[in-house]
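Asks: Fold the following for me, if possible:
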Amino acid sequence: MVAGARQYKHAAITMFEGYAGTSASGFADEVAAEEAVAKLDYVEDLYHDWNEGGRSAGGATQRIEAEFDRIRSELGDLPGAVASPARLRTLLQHLTKTLHPGVLNDCFYQAETAVCRKRAKPLGRPVPMLDMCMRCPNSRRTAVHMPRLERARAMAQAELGEATGLPQLQQLAIAEHLATLTRLIAEIDHEDTRR
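Replies: Numbers count the residues shown, from 1 in each chain. Below is the predicted model:
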């Protein structure tokens, strides 16, 4: 179930629910409780990174940082002041309801702006979804994602370097993906983090 959840993210519960046993066994509840704690730990790490000046980028950045700023103001979590860890976790709890941690970005899902929800409707023609999450208004990227973004960029560069036998449209798609990854990395490296 853990491997399936890591692989399929949003679809994890639907696809792997049957493997977790019945509700009577209690196993599914235990897994859900562990997942909730892990998400809260992750959101707390995101908050601390932001509070220490960590950079982020993506469509959800302004919304999430405004929420972090509100929480910091409420806690009085300033340099030299010690905020209550339990109170911080309580204030961050609501963010876990929409958080879907990802490989190249995190999703703070809101149905009305989700690109994946809009793209799920039939378009009448095949459409590549290579970078759907990377352009979504619900995405947020931080230094946590940087090594994976750099690895994806290196893989795209290598693929493009060996693309002599590929059709021109496929070469163009790889080049566009490479440009997108380069832009996303630059956004994290150079994002203005003044608050």
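Asks: For the rest of this, base every contact and every neighbour count on C-alpha atoms.
Replies: OK.
Asks: what sits against the spatially most central residue of the chain?
Replies: In the chain, the centroid-proximal residue (CA atoms, centre = their mean) is residue 106; its distance is 0.8 Å. The contact partners of residue 106, taken as CA atoms under 8 Å, 6 or more residues apart in numbering, are 99-100, 139-141.
Asks: now, among those residues, which is nearest to residue 28?
Replies: residue 100 (18.5 Å; CA to CA).
Asks: Identify the bridge partners of that closest one.
Replies: residue 107 (DSSP bridges).
Asks: Quick one: neighbours of it, just the number.
Replies: Neighbour count for residue 100, taken as other CA atoms under 10 Å: 15.
Asks: Wasn't residue 145 part of a helix?
Replies: Yes. Applying DSSP: H, G, I helix; E, B strand; the rest coil, one finds residue 145 inside a helix.
Asks: Please name the residues that touch it.
Replies: Residue 145 neighbours (CA under 8 Å, 6+ apart): 103-105.
Asks: Residue 144 versus the residue nearest to the centre of the chain, what's the distance?
Replies: 10 Å (CA to CA, to the nearest Å).
Asks: Regarding this protein, what is its longest helix?
Replies: Using DSSP state H, we find that the single longest helix of the chain is helix 27-51.
Asks: rewinding a little: please list only the buried members of the contacts of residue 106.
Replies: Buried residues within the contacts of residue 106, counting neighbours by 16 or more other CA atoms under 10 Å: 99, 139-141.
Asks: and which of the residues you listed is nearest to residue 91?
Replies: Using CA to CA, residue 99 comes nearest to residue 91 of those, at 14.6 Å.
Asks: burial of the closest residue to the closest one other than its chain neighbours, as a residue count?
Replies: Distances taken as CA to CA, 6 or more residues apart in numbering put residue 108 closest to residue 99, at 4.5 Å, once the chain neighbours are dropped. The tally of other residues near residue 108 (other CA under 10 Å) stands at 23.
Asks: can you map out the helices along this structure?
Replies: 2-8, 12-16, 27-51, 61-75, 85-92, 115-119, 146-161, 168-190.
Asks: Flag every buried residue along the longest helix of the chain.
Replies: By neighbour count with 16+ other CA under 10 Å, helix 27-51 contains the buried residues 28, 39-41, 43-44, 46-47, 49-51.
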